[in-house]
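> Give the three-dimensional model of this entry:
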Amino acid sequence: MGTGSAGAGRGPRPGRRLAPRAALFTVWYLRAVAALNFLGAFWVSFGADIRRHNAQDYFTPYLLTAGYTSGAVALFLAVTMRRRKRAAWILNLVLCSLFFAALALSMVWPDIYEHAQNWLSLALTGALLAALLVGRRQFRAKGDPGNPRHAAMVAAVGLVLAALIGTALVSATNSQHTATFGDSFGYALLRLVSLVPDDSAFMTISTPGWVDVAINVMSTLLFLLVLFVAFRSPRGTALLCTEDDARLRTLLDKYGERDSLGYFALRRDKSVIWSPSGKSAIAYRVLGGVSLASGDPIGDPEAWPGAIDAWLNEARDHAWVPAVVGASQEAGTVYARHGLDALELGDEAIVETAGFSLDGRAMRSVRQAHNRVGRSGCAVRVRRHADIPPAELAALLERADDWRDGQTERGFSMALGRLGDPADGQCVMVECADAEGRPRALLSFVPWGPHGLSLDLMRRDRGSDNGLIEFMVIELIQRAGELGVQQISLNFAMFRSVFERGSRLGAGPVLRLWYSLLTFFSRWWQIESLYRANAKFRPIWEPRYVLFGKSSELPRIGLAGARAEGFLGVPRLPAPLGRRQPR
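This is a model prediction of the structure:
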């Protein structure tokens, strides 16, 4: 019993405590080296000189050499090592081992070991090598299997082009006029790596300082591209398959009323990961190295922690940044227990059909708009998708495409991304035609459990009345009993509290500034207009949150969210360097 008590009181083994510190040391070493490399390159760029720097009998530690390229490489490796990527650890281990072995062997020469700088370089390189070995288990993030091949292609083509362009610059600006092509080519190759002069090797070359800087900056861009291709995170696992779709629908039938965004987990551009019990799942999409989940986990809340653990472990294994958009307060609390922080993103507008009424002064503008559109002869028809004949449904799809604002289909967290799919027969279509019977607008709602609907798609003819959408929503609410609907989720209003309080008397300067900025950007993104349109129905506001691991990752998460929602497009690499879409 005494032995057992002693064992239970022991802390973690020294190796387990030392490994994270060793991994952190490697990151800070590379950051320091990157800073010194950039400082040295900046120093040389203005005509200064750096001696005793990897020349003759003097050597610097691993990766420490003045130059924009070497600085960018060290900084990029620091970033990838901070994300615990296995490929970056292997590359650093191989290069550092070779450099340490070469430096250690050279110390047998008197001209080398008599300089204290070389011993310091050997000690620092050895310390980094030891830290890499001790912290090896910390670097387990996987990369894309096709990355090495694509990176090799980029490096081969890029090096040839950069060397030829550099050679042309050297030949055109060399004031000596006695250098051969080989001399110019060798000089350009040297400047691709470092800006430190080497007068002994290239006596026949004298170029302006801007040429050296231009060649080095050009190689910096090339190396950054190569490193990006080599260490980019995997695109993601297999997308939603038929089996996953069926399992998710089973969970939605049982637990779907918990979250109005649950049905959007069936988007076919999402992946899904399951809890060990199979009673819960998280739907997500990987964009720009961000594993972006939306809404609450699907299924039994008691099984949510298992799904969250599986999702976070997968993100950690692939060096993805985990993030959630549109989580409810209940789900946000569970995510927070797993180390994620929360930031209120906005509010979801929910209308309880039983308590909705057009009476009262607060509903005066909505009531007048509804009556005006009704007097114009507009008529609304409400049907389940499964009840629409195929020919009529095809015509509705064609009109929806014609009425779309732009070529991009927007939406991720609150959009299904498809209309008229046979698998979505329980969705509800709301159509509106004018007095002449011409179609003017349509709304599509997805199921929210057995007694709710959530807005998916909203399209109207640009020449129709501005109050047409409000008219259709009110007609749906008034006919909700025919469909057995008790609650309807409308559009999501981002930063609702800012618009609501920012224009009030007594709002502080920070709130007013934030309100002014959002009002300015609403000219393009309709942030305020969506809030105003929802507020007309006097809904219940349910807060929604974005969840993240570190505040420094918020810009990256914001870009991934903008890409997912269709607000931002990014250029793609050429087809030979791109990656296949997951199945």
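
> Please count neighbours and contacts with C-alpha atoms only from this point.
OK.

> Now for residue 557, which secondary structure element holds it?
Counting by DSSP states H and E, the element that carries residue 557 is helix 554-565.

> ugh, wrong one, residue 349
Using DSSP H and E, residue 349 falls in strand 341-352.

> Name the residue most distant from the centre of the chain?
Distance from the C-alpha centroid of the chain, by Cα atoms, centre = their mean, peaks at residue 110 (53.7 Å).

> before we move on, back to that, quick one: name whatever helix or strand follows the strand holding residue 349.
helix 364-375.

> So which elements touch that following helix?
helix 468-478 (3 or more Cα pairs under 8 Å, 6 or more residues apart in numbering; DSSP states H and E).

> all helices of the stretch 1-150 of the chain, in order?
2-9, 14-45, 68-82, 86-106, 110-113, 116-134, 147-173 (DSSP state H, counting those that start in this stretch).

> Isn't residue 96 up against residue 129?
Yes. Judged on Cα atoms under 8 Å, residue 96 makes contact with residue 129 at a distance of 6.3 Å.

> what's the neighbour count on the nearest residue to residue 319 once chain neighbours are set aside?
Nearest-residue entry for residue 319: residue 141, 5.2 Å, with adjacent residues in sequence omitted and distances by Cα to Cα, 6 or more residues apart in numbering. Residue 141: 22 surrounding residues under other Cα atoms under 10 Å.

> quick revisit: with respect to burial, which of the helices of the stretch 1-150 of the chain scores highest?
Ranked by mean neighbour count, the helices of the stretch 1-150 of the chain are led by helix 68-82 with a mean of 24 (mean count of other Cα atoms under 10 Å).

> can you state the direction angle for that helix and helix 14-45?
160 degrees (axes from the mean of the first three to the mean of the last three Cα atoms, to 10 degrees).

> so what secondary structure elements neighbour helix 68-82?
With contacts taken as 3+ Cα pairs under 8 Å, 6+ apart, helix 68-82 sits against helix 14-45, helix 86-106, helix 181-193, helix 209-231.

> can you redo the ones you listed as CSV with distance to residue 136 and mean pLDDT?
Shown next, in CSV, are those (distance: least, Cα to Cα, whole Å; pLDDT from 0 to 100):
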stretch, distance to residue 136, mean pLDDT
helix 14-45, 8, 84
helix 86-106, 8, 88
helix 181-193, 28, 75
helix 209-231, 17, 78
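
> Need the ones you listed in JSON lines (columns: distance to residue 286).
What follows is the helices and strands packed on helix 68-82, written out as JSON lines (distance: least, Cα to Cα, whole Å):
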{"stretch": "helix 14-45", "distance to residue 286": "25"}
{"stretch": "helix 86-106", "distance to residue 286": "19"}
{"stretch": "helix 181-193", "distance to residue 286": "34"}
{"stretch": "helix 209-231", "distance to residue 286": "15"}
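
> With respect to residue 374, which of the ones you listed lies nearest?
Closest approach to residue 374 among the helices and strands packed on helix 68-82 (Cα to Cα): helix 209-231, 58.1 Å.

> Do a quick rundown of the strands in the stretch 351-500 of the chain.
Here the stretch 351-500 of the chain has its strands, by DSSP state E, counting those that start in this stretch, at 379-384, 428-433, 439-447, 452-460, 487-494.
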